[in-house]
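> After the sequence you'll find the predicted model.
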Protein chains: 6
Amino acid sequence: MSATVQTLQPGTPVSGGVFLLINPQARENTNGKPYLRCMLRDSTGEVACRWWTFDPAQLPSLERASVVEIDGDVVAFKGQQQVHVQTMRPLEPTPHRLKSLLPTSSRDNDEMFAEVRTLLESITSPSLRGLVDAVLDDDPLIADFRAAPAAMSMHHAWIGGLMEHTGQMMRIGDAVVGLYGDAGISLDRDMVLVGLFFHDLAKTAELQWRDGFGYTVRGNLVGHIVDGAQLVETKASEAELAGAPALADDDLAVLQNIVLSHHGRAEYGAAKPPMTPEAVLVARIDELEAHTRMAADGVAGHARGMTEVVGGLGNRLFARGE
Amino acid sequence: MSATVQTLQPGTPVSGGVFLLINPQARENTNGKPYLRCMLRDSTGEVACRWWTFDPAQLPSLERASVVEIDGDVVAFKGQQQVHVQTMRPLEPTPHRLKSLLPTSSRDNDEMFAEVRTLLESITSPSLRGLVDAVLDDDPLIADFRAAPAAMSMHHAWIGGLMEHTGQMMRIGDAVVGLYGDAGISLDRDMVLVGLFFHDLAKTAELQWRDGFGYTVRGNLVGHIVDGAQLVETKASEAELAGAPALADDDLAVLQNIVLSHHGRAEYGAAKPPMTPEAVLVARIDELEAHTRMAADGVAGHARGMTEVVGGLGNRLFARGE
Amino acid sequence: MSATVQTLQPGTPVSGGVFLLINPQARENTNGKPYLRCMLRDSTGEVACRWWTFDPAQLPSLERASVVEIDGDVVAFKGQQQVHVQTMRPLEPTPHRLKSLLPTSSRDNDEMFAEVRTLLESITSPSLRGLVDAVLDDDPLIADFRAAPAAMSMHHAWIGGLMEHTGQMMRIGDAVVGLYGDAGISLDRDMVLVGLFFHDLAKTAELQWRDGFGYTVRGNLVGHIVDGAQLVETKASEAELAGAPALADDDLAVLQNIVLSHHGRAEYGAAKPPMTPEAVLVARIDELEAHTRMAADGVAGHARGMTEVVGGLGNRLFARGE
Amino acid sequence: MSATVQTLQPGTPVSGGVFLLINPQARENTNGKPYLRCMLRDSTGEVACRWWTFDPAQLPSLERASVVEIDGDVVAFKGQQQVHVQTMRPLEPTPHRLKSLLPTSSRDNDEMFAEVRTLLESITSPSLRGLVDAVLDDDPLIADFRAAPAAMSMHHAWIGGLMEHTGQMMRIGDAVVGLYGDAGISLDRDMVLVGLFFHDLAKTAELQWRDGFGYTVRGNLVGHIVDGAQLVETKASEAELAGAPALADDDLAVLQNIVLSHHGRAEYGAAKPPMTPEAVLVARIDELEAHTRMAADGVAGHARGMTEVVGGLGNRLFARGE
Amino acid sequence: MSATVQTLQPGTPVSGGVFLLINPQARENTNGKPYLRCMLRDSTGEVACRWWTFDPAQLPSLERASVVEIDGDVVAFKGQQQVHVQTMRPLEPTPHRLKSLLPTSSRDNDEMFAEVRTLLESITSPSLRGLVDAVLDDDPLIADFRAAPAAMSMHHAWIGGLMEHTGQMMRIGDAVVGLYGDAGISLDRDMVLVGLFFHDLAKTAELQWRDGFGYTVRGNLVGHIVDGAQLVETKASEAELAGAPALADDDLAVLQNIVLSHHGRAEYGAAKPPMTPEAVLVARIDELEAHTRMAADGVAGHARGMTEVVGGLGNRLFARGE
Amino acid sequence: MSATVQTLQPGTPVSGGVFLLINPQARENTNGKPYLRCMLRDSTGEVACRWWTFDPAQLPSLERASVVEIDGDVVAFKGQQQVHVQTMRPLEPTPHRLKSLLPTSSRDNDEMFAEVRTLLESITSPSLRGLVDAVLDDDPLIADFRAAPAAMSMHHAWIGGLMEHTGQMMRIGDAVVGLYGDAGISLDRDMVLVGLFFHDLAKTAELQWRDGFGYTVRGNLVGHIVDGAQLVETKASEAELAGAPALADDDLAVLQNIVLSHHGRAEYGAAKPPMTPEAVLVARIDELEAHTRMAADGVAGHARGMTEVVGGLGNRLFARGE
C-alpha cells in the first residue's frame, strides 16, 4: 500500500508516493542555487516538501502537473513533518487518481443523495415536481451535483461539498417551514425545497474540480447565480416537453428570483433582493448554514483560545477547546 | 357590548366606544378653523378619525391621553371607514383597559410559555439550568417576558411578541442543532437554548407597553443588548447564591458574547461580533426568524402584486395573492 | 382639433380633451367634502387638475383608467395653469390613444433605427453578425426595442428612449474605439457594438409602456440585466439554427459578461464586474451617456441658478441660463 | 550593570542580558539548517536578533517564554545593530522582571495619579463623588488603572498608558468645560469628569500586561465598553452601600451612556450614540487626544518627509523634521 | 417702538411691524381660493403667519422680498401664536434693516473680536504673524469675518457665528496645546492658531447673509475649503509684499493642508487628510466645538425627555431638563 | 552601444551598462553574509539583479542613487533573466541620463502636443482662448506638461503620460460633444475642452519625475486638484493682464468646478461634485479613458486566461489572448 500524508513517519522513506502537487515554486538559495518549494496533498491531509536537487528546467512541466509520484525521505522540522524529495515525476491526472487525492466530504455520498432525493420526492406541486425530475433525469448534471465542491475555500471546499451544503439546507428548510406552519405562518414548502435545490446548482458550471479546484472561464464571467436562474428556465422547458404541467410565468419568475437573490444583498453578489417570504427564507438558511459550518470548522480541533480570523466570517473565534 | 374597530359599520353610530388614541394632531381648515385628525386603534385594528368641532384647548389633555371614549358616526370615504366624532373623553389607561386595546399575539400566551419552559427544562448543564431557573423564579421578570412586545414596529410589535419571537427561535434552534448533530457537527445545545432565551430578554427594560408602546429612558441610553449581558451576570450571581453550581468565567463570557453579538454586526447594533459557533447560530436564527416573519406578514392578505417597501427588509415584496 | 396641454389657455374652455390621468387622489376639504386632485399629461406636457364636484364612488374606475376625456375650464393660479373639471370619462387605452399621449423621443424613430441598423451592419465577425441578425429578424422584439422607454424616470423615460439611449451609446462607442485605434490601442469594435446593442435590450421585458409606464412582474423579480444575458444565449442559439457560424463558448461568456456588468458595480446592480476592456468601455459609456443626458436635461430651460437635486446624479446643478 | 538595548555597542559582547523575547520564529537556511529569528525588547527599545546555532527542539520552550537571558555579540548590519546569540535561556517572567522590561510611560506615575485624584476630588455632586470614591477605595482596581496600557498598539501602548490617556483627557475636559462656561454654554463638569474617568477603566479587565501585552478572554468576548458600563453600576451599588447618596436612575443611565458611546459611532465600537452634550464632549475629547498623540508620536524623531501610514489615522503624515 | 416677535401678544394688533419674510408659499383652500402661508422672523425669534386675503399677483414681488412691513392681528392657535395679515408691503433690505432682523450671536461682537485679536497677536513666528496681519489689515475681509454666520443651519447659523465658532476653537486650541506642552508633547502653537483662524475664513465668500442666509454661486461651485487654501496663498503674497519674512514653501503647504483637511475625511468634504499633528488637532477641535455646541443647543430649553434627531449629529438626544 | 534591458542575453557579459536602480535592499544569507537585491530598469523594461559580493557600507550611497553603471553577467533563472553584478557605481542623475532611462509614452511627443494645440486653437470664446494662451505661452509649464507622467502607477505612469491622457480625453470630448450636438443636445464645447486641458495640469506640481517618479511635498499636502483650480485663477489673471477679455466670475467658478470635481465623488478625491453638464462629461470621460486604458494595458500581451487583480479597477480581467 502506498504512503498517504497521514501515514508518513520521520525516518521512514517514501517510495512511489502519489500526491497532488500544490503551489510549486522555484526558490534560490544565497549561492544562487535553485530548489523547489511546494506542498503535497492527498485526501488525508497536507505536508510541506522541499527538493534541494531540483533542476529549474523541470519547472514548466511541474507547473502543468497536478499529480506527481515521488521518492524521498520524511524529516521532522519545527515540530512538523517535511518531505525531502529525491525524484519527482508528473503523472497523468486521471479521474481515478484525482478521486483518491482530493479532499472529500466526511459524509457518505449515497446517503446524502438519498436524503436530497427523498425530500424532492415529497414535493406535491406537479409542475415543480416535473421541474425537479428534469434535473434528476439529467445524469451528467446529477453526477456533477454529487461531486462538486460548494466553494474554492471558505466552506464545503471538498468533493461532495455542494450536495452536503444543499442537503443540509434542505433538511433545515423542511424543519423550519414545518415549525412556522405549527405557529400558523404558512410558507410554500415546495417552493422553498426547489429553491434550495437549485440555489447553488450552477456551481457545477462555475467550478472545476477534476484537475484541482478552480473557477471555469464561464464561472468567472457569468457565475453560478445567473447560470442558476438560467438553469431553472432550461429545465422548466425540458419538463414541459417531457409532459409535466407548465410552470406558471409568475412562478417561474418567483423561483428564478430565489436563485438570483440567495446571497441576500447586492454587495454579496445577489442580482436581485429576495422578493417573496420563500426567497427571504432561502437566503437566510444559506447564510445560517454557511456561517455555522465555517464557525464549527474554525474551532474544530483548536486548543482553548482565540483562532485566527476565519475568512468567511471576518473575525476571530474563541475555541472552547472541548 | 361596546363597538370594536372590526365591527364598525357605516351608518351605525358609535356610542361609548373605547379606543387607543393614536397620533392626535390639530389641523386648521382654510378658514382658520381647527379640527382634530387622529387614528383610533384597538386589538382588532385601526380606523381613521376626524373631530370637526374640536376645541384646541383640549389638545394638551388629549396628547396626554392614551385611551379615549367616543360618541360619533361611521362614514365611508374613499372605500375606507372613518369615524366622525361628536364627543371624545380621555379615560384612565388602566391595565385592564390597555390589555383589551393593545394588539396581542395571535397565539395563546400559556401555550407559548409552556413551549419555552419545556425547552428550558431540557437543559442538562447544571450551571446553565441554575441560571435559567433564576429567571423562571423571578415572577415580575417572567410576567414582563410574557407581556412585552419584541419591538416598536418592524416585527412582533404586539403584546406577547417578545415571547412569541423568542419561543419560535428556540424551537428553530433546537431543530437545527439536532440536524447538525445528525450530520456529525456538534454544537452546544444548552448554550444555544440559553443564549436564545436571554438574547432579547432585556427588551423588558428597554420598552414600555403599559401606556402604549414606547422606549424607556434606560432603553434609549443603554439598550437591551448591554442590559441583556448584564442580566446574564446578575442572574448567574443569584443562581449561585441559590445553590446552583457556578458558571465558569469563560462560559459566562461566552454567554454574554451571544447576547452582545446577536445583531450580528456593529452597524446593526452588535457590541461584539459572534465569537463561537453557538453565537454565530443565534445571530443567524434571529435574522432568519425576524426576516421570515416580516416577509410573511408583509404579503399576508395582500392582493397579487408588489407591496410597498417592507421596513425591516428594505425592499418591496411580490405577493402571490394566495 | 382637440386641445393639447401645450395649447391650453386660461379662459378658454376644454371640451372633449383626451389626456393620460396621472396620480388621481381623492382629497377631502375641511367640510368633509371630497374632491379629486390629479395631473393630466399628453405628449406635449403636464398640467395640474382639480375636480371639485367629484363623487368618490367614481374613484375605483378612475384609478383603473389611464386615459380620460374631460370637459372643463382652464384657470391661472400661482403663475401656472390648472384645469377645473366639469365632467371626466374613462376611455379605453387603445394603442392609438396611448401612442398620441405618451411622452415620446424628440428624435425621429425611423432615423434613430436607421443609425442603429447601419452600425450593426458594419459588424465584420460572422458569428456576431449572425447573432445581431437574429434580433433584427425578430419583428416583435424590434418593435419593442423601438418603442420602449429606457427607464421609468431618471433618463430617457419616454417612448423611443431605449433606442435613443442605445443608439447614442453605439455612436459614442464607435467613435471612441476609433480614437483608441488611432492611438495604437486595439479594442474589439464588433464586441463593443454588439455589447452596447444588447446591454439594455431586455428592458423590453422589464418595463411595460402600453398602459402608462411601469415594471412587469418579471422585471421586478428577474430584471433586464439577467434577462439580457439570457437573451444573448437564446439569440445565439437561434442564429446557429439559422445557419450562422457558432459563437465560441468564451465569446458567448464575454458578451454575457458585458451585459451583466454594464452597471459597473454590484451596488449599482451589476451581477459581475466588467472583465474585459470591452466590458469596461461599455459600462463607462453607459454612465457617460446617462449622466450627461440627465445633467443636460436637468439644466435645460432652467433660469441661471441652482437646480433642485437631480435624481440620478445625487446633487444640485448650476444652470448657466443660456 | 546589565546591558540595555540603548547601551548595546557593536563589538562589545552581551553577557547575561535580560530581554523580552518578541516573535521567535524558526527559519531554515538553504541547506535545511534551522536558525532562530526574533526581536529583543526592553524598556529602552528593540533590537533584531539571530541565533545561528539554534536547536529546533528548544522552540516550544522559547515560544512559551516571555523573558530570556542571553550571551552573544552585537554586530552592525545595514546601519542597524543586531544581536548574534551564543546562548539563550528562558527566565521566569516575574513581576519585577517584567516591570523593568515593558515600555513605560515617560511621565511619572505618582504625578499622573495625583493629577487625576485632584480633579476627581473637585467633583461637587455627592452621589458622583461617592461613586468615584468607590473606585479610589478599590486598591486592586486603582493599581491596575495605574499600570495598564491604554491599548495593544495604536496609542499609549505602554505601562501607565491608560492613566496617562485618561488623565490628559480629564485635564482637557476640565479646560474645555471652563471655556464653554465663559462663553455662556453650561455643561455638567462633574458628569464630564466622571465619564472621562470611567470611559476606559475596564481596559483593566480587557487587557493583560503582566506577561507581555495581550487581550484577555473576557476582553475578546465582552470588551471594555460593556464591562465599563457594568463597572459604573457595580461601583454605584458599592457607593450606596458605603453610605453615599444614591445616583438617580436617569443619571446612572446618562453615565453608562457616556461609557457605551465614547467611541462615537457603531462602526468604531460604540454600543450607543452619545446622547447628552456631556457624552458628545467625552467622545470628541477621546478622539482628539488619541489622534493628536498618535500624530505627534508618528512624526517624533522622524526626518523631514513623509512617514509610513500611521495605523490609527489611516494615512501618512508629513514630518517637518524639527 | 415697533413690535418684535418676542413682544407679540394675542389680541394686540400689529401695526407697521418689520420682519424677514421666510418661505412665502401660495396655497389654495378647497374653494380654490388662494392664501399666503409664511413665517416671519426677526432677531428675537420666529412666528407663523397667514394672509387669507392674499392676491396671487403679489407672489412674485413677495418672493423677491426679504423684508416686509405688515399690519395685522395676533391669534393663539394650538398653543402657539400666529399673525393674520391685513396688509403686507415689501421693504428695501437695507443693511440697517437686515442687521436688526437677522439672528445674531448672543455674545458681544467687539469682545469676541478682541479675544481673537489677542490670540493672534501672541503669535511669535514673524512670517505667520505677517500673514495674520495681512488679514487683520484687510478691513472688508475682517468686517465679513465679524458678520458672517458659520453655516446655513446646523451650528452657529447666526450673524457673528463664524467669529464665535472660530474664536471658541482658538481658545480651546490655545488651552490644549498648553496642556500637551505640560505633558511633554510639543505642538506648533503658532501653526495651530493660524490654522484655526483661517480654517473657515472663506465662508465669507461661500455664504451671503445680507439678504437672508444663502450660498453664493462661488460657494456652491468652489466652496470655502478650496477658497480658504487659496486665501492663505493670496494673503501670504500680500504679507511678503508688505515686508514680512516669506513663509517657507513647505510651511505654506502645511498651512494650506490644515485648511484643506479640517473636515477630517473626504466623505465630510476634506480635500486632503490632515497630515501634520497640527492639522489633526485642528480637525478634531472643529468637530469637538461644532458637535458640543449642536448638542448643547439641541437640549437647551427642552423638557426632560428625548429630543428630535439633531441634524448635524444624526441621532436624538436625551435632555435632562435642567 | 551600451546594453539595454531588452538586449540582454544570458552568457553575454554586461559592461558599463547604465540603468535606474530600483528598490535596493540589503539581505543577508544564512551565514550572515549580506548581498544586494534590486531591480534595474531602463526605458525598454526591467530585470532582476543580485550583487553577491556587496559591501553594506555602500548601501547609503546606493539608496541615494537613482542611476548606476554596472559590470556583470546575465544568467537565466526560472525562465527569467537575472543580472549578477561584479561592480556597481552610482552616476549623477543628469536630465539626459534620466531621459533615456525612464519609461516613455509609446506615442511621439511632438505629434501628441500638436493634437492638443490644434484642439485648443479651435476654441472660439475669446476669454477662454486667452486663458489657454496664457498656458501655452508659459514655456516651463508646457515643458512639464509634455514631460510629466499622469500617475505614479495605475495608468499612464510614464514620461509624456499626462499629455497622452489629456490629449486622448480631449479628442474623445471633441467627438462626444459633436455627437450630442447632432442629437440636439447642446454642450459648451469650449468649456469642455478647456476643462479637460486643465483637469490634471497641476500634476506638474504634484509629481516629480526627474529623479525617478514620486510625489512632491506640495503634491502630498495640497494635491493637483486644489492646485489645478488655483492654476485656473492664476492663468486667468495673467490672461487679463495680457489683454484678453476677462472671464466672467461665474465662468471662472464653473471652470474651477470642472477641475475640482473631475474625480466625480468625494470618496475618490473630488472637492466638489460636478455641477454643470460640462463638468459631468469631463468627470465621465476621465474615468472612461483611465479605466479603458488600464483594462487594455492589463490584458496586453497576457496569455488567454484570468489576469491578477488590476489595481485601479479592483478586479481581475479575462484576457482573450489575442
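Arrived safely.

> Tell me which residues touch the nearest residue to residue A:91 once chain neighbours are set aside, please.
Nearest non-adjacent residue to residue A:91, counting by CB to CB, 6 or more residues apart in numbering or on different chains: residue A:67, 4.4 Å away. Where you see a C-beta, it was placed from the backbone N, CA and C, and this is true even at glycine. The contact partners of residue A:67, by CB atoms under 8 Å, 6 or more residues apart in numbering or on different chains, come to A:18, A:19, A:20, A:21, A:90, A:91, A:92, A:93, A:97, A:98, A:101.

> ok, now residue A:108?
With CB under 8 Å, 6+ apart, residue A:108 has no contacts at all.

> Next, find the distance separating it from chain B.
Distance, residue A:108 to chain B, by CB to the nearest CB, to the nearest Å: 11 Å.

> Count the residues that sit near residue A:215.
15 (other CB atoms under 10 Å in any protein chain shown).

> you'd agree it is up against residue A:205?
No. Counting by CB atoms under 8 Å, residue A:215 stays clear of residue A:205, with 10.4 Å between them.

> Remind me what the lowest-mean-pLDDT helix or strand in chain A packs against, helices and strands.
Every helix and strand of chain A was ranked by mean pLDDT, DSSP states H and E. The lowest is helix A:59-64, at a mean of 76. Counting contacts by 3 or more CB pairs under 8 Å, 6 or more residues apart in numbering or on different chains; DSSP states H and E, helix A:59-64 packs against strand A:14-28, strand A:80-91.

> Go through the ones you listed and name the closest to residue E:161.
Judged by CB to CB, the one of those that comes nearest to residue E:161 is strand A:14-28, at 63.2 Å.

> And chain F, is the closest one touching that?
Yes. Residues of strand A:14-28 contacting chain F under CB under 8 Å from any CB of the partner chain: A:26, A:28.

> and the residue positioned nearest the centre of chain A, what is it in contact with?
Taking CA atoms, centre = their mean, the centroid of chain A lies closest to residue A:149, which sits 2.0 Å from it. Residue A:149 sits next to A:156, A:157, A:158, A:159, A:160, A:161, A:162, A:203, A:207, A:209, A:213 when contact means CB under 8 Å, 6+ apart.

> Residue A:127 now?
Residue A:127 makes contact with A:239, A:244, A:245, A:246, A:247, A:248, A:251, according to CB under 8 Å, 6+ apart.

> Same list (the residues you listed) but as a markdown table, adding pLDDT.
As requested, the contacts of residue A:127 are exported to a markdown table (pLDDT from 0 to 100):
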| residue | pLDDT |
| --- | --- |
| A:239 | 97 |
| A:244 | 96 |
| A:245 | 97 |
| A:246 | 96 |
| A:247 | 97 |
| A:248 | 96 |
| A:251 | 97 |
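
> tell me which element the residue of the stretch 101-250 of chain A found nearest chain B falls in.
Using CB to the nearest CB, the closest approach of the stretch 101-250 of chain A to chain B is made by residue A:175 at 4.4 Å. Using DSSP states H and E, residue A:175 sits within helix A:161-182.

> Check which residues of that helix are buried.
A:161-177, A:179-180 (16 or more other CB atoms under 10 Å in any protein chain shown).

> what angle sits between that helix and helix B:161-182?
140 degrees (axes from the mean of the first three to the mean of the last three CA atoms, to 10 degrees).

> helices or strands up against helix A:161-182?
Checked by 3+ CB pairs under 8 Å, 6+ apart, helix A:161-182 has helix A:109-121, helix A:139-147, helix A:189-199, helix A:277-299, helix B:161-182, helix B:277-299 packed alongside it.

> quick one, phi/psi of residue A:65?
When read as degrees, to the nearest 10, the backbone of residue A:65 gives phi -80, psi 140.

> Can you verify my assumption that it contacts residue A:90?
Yes. Taking contacts as CB under 8 Å, residue A:65 lies within contact range of residue A:90: 3.6 Å.

> More neighbours: the two, which one.
It is residue A:65, of residue A:65 and residue A:90, that has more neighbours when counted by other CB under 10 Å, with 19 against 16.

> Distance check, the more buried one against residue A:59.
Going from residue A:65 to residue A:59 by CB to CB, to the nearest Å gives 11 Å.

> Please, which helix or strand holds residue A:46?
Taking DSSP H and E as the definition, residue A:46 sits inside strand A:45-51.

> Each with direction, which strands does that strand pair with?
Looking at strand A:45-51 with DSSP bridges, its partner strands are strand A:34-42 (antiparallel), strand A:80-91 (parallel).

> Need the CA coordinates for it. CSV is fine.
C-alpha atoms of strand A:45-51 as CSV (Å, rounded to 0.1, in the frame of the first residue of the first chain):
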residue,chain,number,x,y,z
GLY,A,45,-4.1,16.0,4.5
GLU,A,46,-1.2,18.2,3.5
VAL,A,47,2.6,18.2,4.1
ALA,A,48,5.5,20.6,3.3
CYS,A,49,8.0,19.5,0.7
ARG,A,50,11.5,20.5,-0.5
TRP,A,51,13.5,19.3,-3.5
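
> Report the buried residues of the least confident helix or strand of chain A.
Those buried within helix A:59-64 under the rule 16+ other CB under 10 Å are A:59, A:62.

> Only alpha carbons, please: show that helix as CSV.
The C-alpha trace of helix A:59-64 is given here as CSV (Å, rounded to 0.1, in the frame of the first residue of the first chain):
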residue,chain,number,x,y,z
LEU,A,59,9.6,23.8,-13.5
PRO,A,60,7.3,24.2,-16.6
SER,A,61,6.3,20.6,-16.7
LEU,A,62,5.7,20.6,-12.9
GLU,A,63,3.7,23.7,-13.1
ARG,A,64,1.4,21.9,-15.5
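
> before we move on, back to that, what's the closest of the contacts of residue A:67 to residue F:255?
Nearest to residue F:255 among the contacts of residue A:67 is residue A:21, at 60.8 Å by CB to CB.

> partners of that closest one in the sheet?
residue A:40.

> thought it was touching residue A:38?
Yes. With contact defined as CB under 8 Å, residue A:21 counts as touching residue A:38 (5.9 Å).

> related to what we said a few turns ago, how about the contacts of residue A:149 in JSON lines, adding distance to residue A:188 and pLDDT?
Formatted as JSON lines, those follow (distance: CB to CB, whole Å; pLDDT from 0 to 100):
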{"residue": "A:156", "distance to residue A:188": "26", "pLDDT": "81"}
{"residue": "A:157", "distance to residue A:188": "32", "pLDDT": "80"}
{"residue": "A:158", "distance to residue A:188": "32", "pLDDT": "87"}
{"residue": "A:159", "distance to residue A:188": "33", "pLDDT": "89"}
{"residue": "A:160", "distance to residue A:188": "29", "pLDDT": "94"}
{"residue": "A:161", "distance to residue A:188": "28", "pLDDT": "95"}
{"residue": "A:162", "distance to residue A:188": "24", "pLDDT": "97"}
{"residue": "A:203", "distance to residue A:188": "24", "pLDDT": "97"}
{"residue": "A:207", "distance to residue A:188": "30", "pLDDT": "93"}
{"residue": "A:209", "distance to residue A:188": "33", "pLDDT": "85"}
{"residue": "A:213", "distance to residue A:188": "35", "pLDDT": "76"}
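
> ok, those residues vs residue D:312, which is closest?
Among these, and counting by CB to CB, the member closest to residue D:312 is residue A:157, at 35.4 Å.

> before we move on, back to that, for the residue of the stretch 101-250 of chain A closest to chain B, give me its contacts.
Contacts of residue A:175 (CB under 8 Å, 6+ apart): B:172, B:175, B:176, B:179.
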